[in-house]
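1. sequence-free structure coming up:
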């Protein structure tokens with residue numbers, strides 16, 4: 001049995017004793033009971049106010065956390081778009097490399113054919129060699145670009161994974177805060193019910209008093 005229940009039972013016993021003692025003694029005991037119940041009522045009001053303040057602070061934390069989640073989700077979308085763009089650039093670069101390698105293969109074939117005409121086409125052979133060197137440099141540059149893009153792509157994927165983990169952690173925090181809010185609201189409802197029961201008890205005691213008591217005003 002709770003402390004409030006025991007106090008209510010004591011109050012009922014006091015009422016029975018008062019009815020047996022008489023009007024004079026009953027008035028004094030009624031006043032004492034009303035004063036005690038009033039004190040309990042004030043304590044419950046104070047506790048209710050503190051719980052409501054805690055609820056407000058928790059809801060504020062929840063709103064702040066949700067804002068942070070939204071910001072992280074927007075950042076995640078931006079990083080995902082960056083990853084997609086890098087992947088697109090990588091595909092384009094690989095296509096360009098394939099085209100360049102194909103062109104280099106054709107140039108090499110032309111060089112082999114031209115070597116059969118060394119005497120007549122020495123100038124052409126020199127030009128083709130220069131073109132081959134240029135294309136080889138271009139291939140090297142493209143391969144270096146691919147390596148850089150692949151590294152950047154890996155970095156962006158790691159950053160995206162970290163952001164997704166942060167979003168998951170914040171979502172867990174939101175779930176905990178919502179659970180705490182639900183618990184606080186249940187406590188407030190219970191205290192308000194107890195507060196109403198005490199008001200009813202005070203009103204019952206005051207209505208039984210033969211001599212009006214100033215402390216009963218408002219009940």
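-> Structure's in. What do you need? Owing to the predicted nature of the structure, the values given are computational and were not obtained by experimental measurement. Numbers count the residues shown, from 1 in each chain.
2. which residues of this protein score low on pLDDT?
-> Low-confidence regions of the chain, defined by pLDDT under 70, span residues 1-33, 114-119, 121, 210-219.
3. What segments of it are helices?
-> 3-21, 23-115, 122-208 (DSSP state H).
4. mind putting these in CSV, mean neighbour count included?
-> Where you see a C-beta, it was placed from the backbone N, CA and C, and this is true even at glycine. Formatted as CSV, the helices of the chain follow (neighbours: other C-beta atoms under 10 Å):
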stretch, mean neighbour count
helix 3-21, 13
helix 23-115, 14
helix 122-208, 14
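5. Tell me which residues touch residue 195, please.
-> By C-beta atoms under 8 Å, 6 or more residues apart in numbering, the contact list for residue 195 reads 41, 44-45, 48.
6. list the contacts for the closest residue to residue 184 other than its chain neighbours?
-> Counting by C-beta to C-beta, 6 or more residues apart in numbering, the nearest residue to residue 184 once its immediate chain neighbours are dropped is residue 55, at 4.7 Å. Neighbouring residues of residue 55 by C-beta under 8 Å, 6+ apart: 181, 184-185, 188.
7. Take those and write them to a markdown table, including distance to residue 131.
-> Formatted as a markdown table, these follow (distance: C-beta to C-beta, whole Å):
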| residue | distance to residue 131 |
| --- | --- |
| 181 | 73 |
| 184 | 78 |
| 185 | 79 |
| 188 | 83 |
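8. Quickly check those for the two that are furthest apart.
-> Greatest spatial distance among the contacts of residue 55 (C-beta to C-beta): 181 and 188, at 10.5 Å.
9. before we move on, the earlier item: look up how far residue 38 lies from the residue nearest to residue 184.
-> Distance, residue 55 to residue 38, using C-beta to C-beta, to the nearest Å: 26 Å.
10. same deal with residue 62?
-> Relative to residue 38, and taking C-beta to C-beta, residue 62 is found at 36 Å.
11. thinking again about what came up before, return the closest of the contacts of residue 195 with respect to residue 111.
-> residue 48 (92.6 Å).
12. Pull the contacting residues for the nearest residue to that closest one once chain neighbours are set aside.
-> Spatial nearest neighbour of residue 48, chain neighbours left out: residue 191 (4.9 Å); criterion: C-beta to C-beta, 6+ apart. Contacts for residue 191 (C-beta under 8 Å, 6+ apart) come out as 44, 47-48, 51.
13. With distance to residue 160 as extra columns, can I get these in a markdown table?
-> Converted to a markdown table, the contacts of residue 191 look like this (distance: C-beta to C-beta, whole Å):
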| residue | distance to residue 160 |
| --- | --- |
| 44 | 51 |
| 47 | 47 |
| 48 | 46 |
| 51 | 41 |
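14. what's the offset of stretch 89-100 from the middle of its chain?
-> 42 Å (C-alpha atoms, centre = their mean, to the nearest Å).
15. And for stretch 142-156?
-> The gap between where stretch 142-156 is centred and where its chain is centred comes out at 34 Å by C-alpha atoms, centre = their mean.
16. Could you do stretch 170-179 as well?
-> The answer for stretch 170-179 is 6 Å, by C-alpha atoms, centre = their mean.
17. repeat for stretch 174-186
-> Centroid separation between stretch 174-186 and its chain, computed with C-alpha atoms, centre = their mean, is 13 Å.
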